[in-house]
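[1] just need the structure, nothing else, for what follows:
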Amino acid sequence: MIELYFGPGACSFVPHVALEIIKARTGEDFTPHMVKLHKQEQRSPEYLAMNPDGLVPMLRVGDQSLTQIVAICDYLDRRYPQVGLLPSENWARAQAMSQLAWMNNTAHPSFTHVFMPHKFAETEATQAELKRFNAALFRKHLERVQGWVKDCPAYWLGDQPTFHDAYALTLLRWGGFAGIDPDSLPQLKAFVDRVAAAPAVASAMERERLRLDTFKKA
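    Predicted structure coming up:
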């Protein structure tokens with residue numbers, strides 16, 4: 001049995017959606033464990049014993065832990081190749097992994113500087129500048145994602161949602177917290193709305209109690 005430790009609204013939404021897709025396609029269930037990040041449950045001794053980094057997501061398979069979102073996605077695709085979470089052809093798979101890694105190691109950290117500037121600077125003035133600068137940078141990242149998805153007839157990699165679709169949804173939700181109006185990215189917003197309506201995605205959103213409308217108009 002696979003167990004997933006996730007934080008609502010965090011990047012752990014990506015493997016959460018994937019496990020719902022796997023469940024729908026194969027009938028193999030998983031055990032979800034909600035980690036309340038605002039209550040610092042990821043810093044509890046019990047959690048740190050399994051994951052010393054104190055982060056989500058964490059995948060547990062038996063008594064073994066796997067962390068880091070790209071590694072988790074790679075493992076799930078290799079364990080369930082029949083589900084088609086990533087392309088099977090070598091070059092197409094490498095390109096898909098490149099996009100996934102970019103979302104995780106470039107777009108994602110930009111938002112972290114907006115949402116948690118205290119991790120990177122001590123003074124309020126510097127924190128405010130970090131938020132301003134990285135919010136503008138994050139918007140450029142969202143524009144790049146929009147360019148990737150604007151011509152997709154259904155989902156990013158084909159006829160079912162996968163890791164990429166779940167990450168695109170996550171990034172656009174975060175954009176609202178960064179003060180980015182999703183209506184200013186109409187093609188990405190339309191794509192994410194379509195992704196959110198997919199049954200596997202809707203199931204994960206319901207469990208995490210997520211809403212797409214994070215942007216507050218002035």
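[2] hey, let's count contacts and neighbours off CA atoms from now on
    Fine.
[3] quick one: residue 105 and residue 35, what's the gap?
    22 Å (C-alpha to C-alpha, to the nearest Å).
[4] those two: which is more packed in?
    A side-by-side neighbour count of residue 105 and residue 35, using other C-alpha atoms under 10 Å, places residue 35 first with 20 against 12.
[5] nearest spatial neighbour of that one, chain-adjacent residues omitted?
    Spatial nearest neighbour of residue 35, chain neighbours left out: residue 7 (5.0 Å); criterion: C-alpha to C-alpha, 6 or more residues apart in numbering.
[6] check contacts around that neighbour.
    Residues near residue 7 by C-alpha atoms under 8 Å, 6 or more residues apart in numbering: 13, 34, 35, 36, 37, 56, 57, 208.
[7] are any of these buried, and which?
    Among the contacts of residue 7, those buried by neighbour count (16 or more other C-alpha atoms under 10 Å) are 13, 35, 37, 56, 57, 208.
[8] which of those fall within helices?
    In helices, judged by DSSP state H, the following of the buried ones among the contacts of residue 7 are found: 13, 208.
[9] nearest to residue 85 among the buried ones among the contacts of residue 7?
    Each of those was scored against residue 85 by C-alpha to C-alpha, and residue 13 proved nearest at 14.8 Å.
[10] my guess is the closest one contacts residue 166. True?
    Yes. In this structure residue 13 lies within contact range of residue 166 using C-alpha atoms under 8 Å: 6.8 Å.
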